[in-house]
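Engineer: Whatever this is, show me its structure:
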Amino acid sequence: MGDAIDAITKLSKSSASANSVDEVRVMLIAP
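Structural biologist: Numbering: from 1, shown residues only. Model (predicted):
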């Protein structure tokens, strides 16, 4: 169970960081 929780946490963290990167790109592309 602990391994599964760790995997889900890593996935959610990576997707969250990817979303923030996309938001920064949008701000830079369309000022």
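
Engineer: separation between residue 20 and residue 2?
Structural biologist: For residue 20, the distance to residue 2 (CB to CB, to the nearest Å) stands at 27 Å. Bear in mind the C-beta positions are built from the backbone N, C-alpha and C, glycine included.

Engineer: err, residue 9, not the other one
Structural biologist: The gap separating residue 9 from residue 2 is 10 Å, by CB to CB.

Engineer: How about the contacts made by residue 28?
Structural biologist: The contact partners of residue 28, by CB atoms under 8 Å, 6 or more residues apart in numbering, come to none.

Engineer: Between residue 9 and residue 2, which has more neighbouring residues?
Structural biologist: residue 9 (10 against 6; other CB atoms under 10 Å).

Engineer: mind checking how far the one helix or strand that one maps to is from the chain centre?
Structural biologist: Using DSSP states H and E, residue 9 sits within helix 2-29. Computed by CA atoms, centre = their mean, to the nearest Å, the chain-centroid distance of helix 2-29 equals 1 Å.

Engineer: how about that helix: buried residues?
Structural biologist: When burial is assessed from 16 or more other CB atoms under 10 Å, helix 2-29 yields no buried residues.

Engineer: pLDDT averaged over that helix - what is it?
Structural biologist: Mean pLDDT, helix 2-29: 78.

Engineer: Just the C-alphas of stretch 13-21, formatted as PDB.
Structural biologist: Output in PDB follows, covering the C-alpha atoms of stretch 13-21 (Å, rounded to 0.1, in the frame of the first residue of the first chain):
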ATOM      1  CA  LYS A  13       3.400  16.100  -8.200                       C
ATOM      2  CA  SER A  14       4.800  15.600 -11.700                       C
ATOM      3  CA  SER A  15       1.400  16.500 -13.300                       C
ATOM      4  CA  ALA A  16       1.100  19.500 -11.000                       C
ATOM      5  CA  SER A  17       4.500  20.800 -12.000                       C
ATOM      6  CA  ALA A  18       3.700  20.200 -15.700                       C
ATOM      7  CA  ASN A  19       0.500  22.200 -15.300                       C
ATOM      8  CA  SER A  20       2.400  25.100 -13.700                       C
ATOM      9  CA  VAL A  21       4.900  25.000 -16.500                       C
END
